[in-house]
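Visitor: model the following, please.
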Amino acid sequence: MTVIKLIGVFGFITSVALCQGPATLTVQGIGGKSVTLTAADLSSLPQQTVKATDRGTPATFGGVLLRDVLAKVDLPVGEKFHTTAVSYYLLVEAKDGYRAVFAYAEMDLAFMDKPVYLVTMRDGKPLSDHDGPFQIVTPGEKRPSRWVRQVTALRVRQAN
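Guide: Here you go, the predicted model:
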């Protein structure tokens, strides 16, 4: 392959990488309302720092409360949902196809005081490509099965 062809291939790869833009997260509420967020969008929400142990290793994560992210869409709250709120759930989807479920009540302060976080930082640095750019962190759970890495979507659904 000639040098010119190599430069052309490198230029194409660089152009594709630059055109991809920032990573996004889809948040979908009830009634079809949906928003797409970036890490910059999340930075406008109240920031949280949480110390947790990740597979035996202590870490300090930076991000936001998951309930603050979900507040960007229509949610099952208020008197209208008084009798049905506990029938809703949150489906968390990851880039690699992994999925986890939270009862919607786990996000509602009227039901629980156990915070769930959507983080973008670990020990003062952006999450690694392996974990980020968005990760769910659920401190206090005995197993990290719902510590979803590479989160791409959050979808509120109702069990039928």
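Visitor: where do the helices sit along this protein?
Guide: Shown for the chain, the helices assigned by DSSP state H span residues 3-19, 39-42, 66-70.
Visitor: give me the contact list for the shortest one.
Guide: Outside of helix 39-42, the residues within contact range by C-beta atoms under 8 Å, 6 or more residues apart in numbering are Pro22, Ala23, Leu25, Gly63, Val64, Val69, Leu118, Thr120, Pro126, Pro133, Phe134. In short, each C-beta sits where N, CA and C put it, glycine included.
Visitor: show me which pair in the residues you listed is furthest apart.
Guide: Maximum pairwise distance in these, criterion C-beta to C-beta, is 17.5 Å, between Val69 and Pro126.
Visitor: re the thing from before, quick one, which of the contacts of helix 39-42 are buried?
Guide: For the contacts of helix 39-42, a burial check counting by 16 or more other C-beta atoms under 10 Å picks out Ala23, Leu25, Gly63, Val64, Val69, Leu118, Thr120, Pro133, Phe134.
Visitor: nearest to Lys51, of these?
Guide: Of all the buried ones among the contacts of helix 39-42, Gly63 has the smallest distance to Lys51: 12.7 Å, by C-beta to C-beta.
Visitor: and the pLDDT at the closest one?
Guide: Looking at Gly63, its pLDDT reads 97.
Visitor: begin at 7, not 1, for the rest of this chat.
Guide: Shifting the count to begin at 7 puts that one at Gly69.
Visitor: isn't it right up against Val122?
Guide: No - between Gly69 and Val122 there is no contact under C-beta atoms under 8 Å: 10.3 Å.
Visitor: anything in contact with each of the two?
Guide: The contact sets of Gly69 and Val122 overlap at Val143 (C-beta under 8 Å, 6+ apart).
Visitor: going by distance to Arg149, which of the contacts of helix 45-48 wins?
Guide: Using C-beta to C-beta, these come closest to Arg149 at Leu124, 19.3 Å.
Visitor: surely that closest one touches Val70?
Guide: Yes - contact criterion C-beta under 8 Å: Leu124 and Val70 qualify, at 5.6 Å.
Visitor: and the helices of the chain, which one averages the lowest pLDDT?
Guide: Set side by side, the helices of the chain differ in mean pLDDT, and helix 9-25 is lowest with a mean of 44.
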